[in-house]
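Visitor: Got a predicted model here, sequence first, then my questions.
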Amino acid sequence: MSRRTKGAGKKATGPQSAGSIFAGANYSTRRGYIYVPTVDTRREIDSYSHTELIRRARWLKRNTGYTRRCINGLANMVGYLSPRALTKDKEWNQLAEGLFEARAGSAATFDKTARFNIYGYQPLTTRTRLLDGDMLSVLTETDNGSGGAMVMTYEAHQIRDGITGADNSRNVGVKSNALDAPSPTAC
């Protein structure tokens, strides 16, 4: 009998690290882990772990077709919403929708970075929420002094705690009160 077939019918005698059928849930020396030493949800994840989770999720999306399809497919199925004027005055409805389209339909007048219009921005927020877990949309105004509304986007890797006060009231860049509600001056 050859060495290869000698132990073919025997069970593996090594200890199993976990009883899950999912390889990702089992312990492996080839993967890192995230240590959570607290049950306080505000302090559950530190800035290093937050950045590392974002990095790994983005790597997975870039290098795995299934993950990319799950994220992009869901975001595209959710799609976007567009307001419609429904007054009895049909002429006014057309003018209002035309003004909205001129403003929000143009990336130059909708987004501070001029990368997105309203129709690309809404699926972006869904994609970013599914991938990174958070995104900050700041409502701002144009630089030319006209006071027109615009949006400025901060992705998850751009949101930081900054300088934390003695009261430890910031959590991933958002200042909160004692009951974990965002304070009026949240950022």
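Guide: Right, received. Where do you want to start? Residues are numbered from 1 along each chain as shown.
Visitor: drop to CA atoms for contacts and neighbour counts, all remaining ones
Guide: OK.
Visitor: Quick one: list the elements packing against the helix or strand that contains F100.
Guide: Using DSSP states H and E, F100 sits within helix 90-104. If contacts are counted by 3 or more C-alpha pairs under 8 Å, 6 or more residues apart in numbering; DSSP states H and E, helix 90-104 sits against helix 107-110.
Visitor: What is the following helix or strand past the helix it packs on packed up against?
Guide: On the C-terminal side of helix 107-110, the closest following helix or strand by DSSP H and E is helix 118-131. Helix 118-131 sits against helix 47-63, helix 65-78, strand 135-141, with contacts defined as 3+ C-alpha pairs under 8 Å, 6+ apart.
Visitor: For the helix holding F100, which residues meet the burial criterion?
Guide: Residues of helix 90-104 classed as buried by neighbour count (16 or more other C-alpha atoms under 10 Å): 100, 103-104.
Visitor: follow-up on the earlier one: so which of the helices and strands packed on helix 118-131 is nearest G147?
Guide: G147 lies closest to strand 135-141 among the helices and strands packed on helix 118-131, at 5.5 Å (C-alpha to C-alpha).
Visitor: Go through the buried residues of helix 90-104 and say which is closest to V78.
Guide: Nearest to V78, judged by C-alpha to C-alpha, of those is A104 at 18.9 Å.
Visitor: list the contacts for the closest one?
Guide: With contacts defined as C-alpha atoms under 8 Å, 6 or more residues apart in numbering, the neighbours of A104 are 110, 117-118.
Visitor: Now these in TSV, please, with extra columns for pLDDT and neighbour count.
Guide: Output for these, formatted as TSV (pLDDT from 0 to 100; neighbours: other C-alpha atoms under 10 Å):
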residue	pLDDT	neighbour count
F110	91	24
N117	93	19
I118	92	21
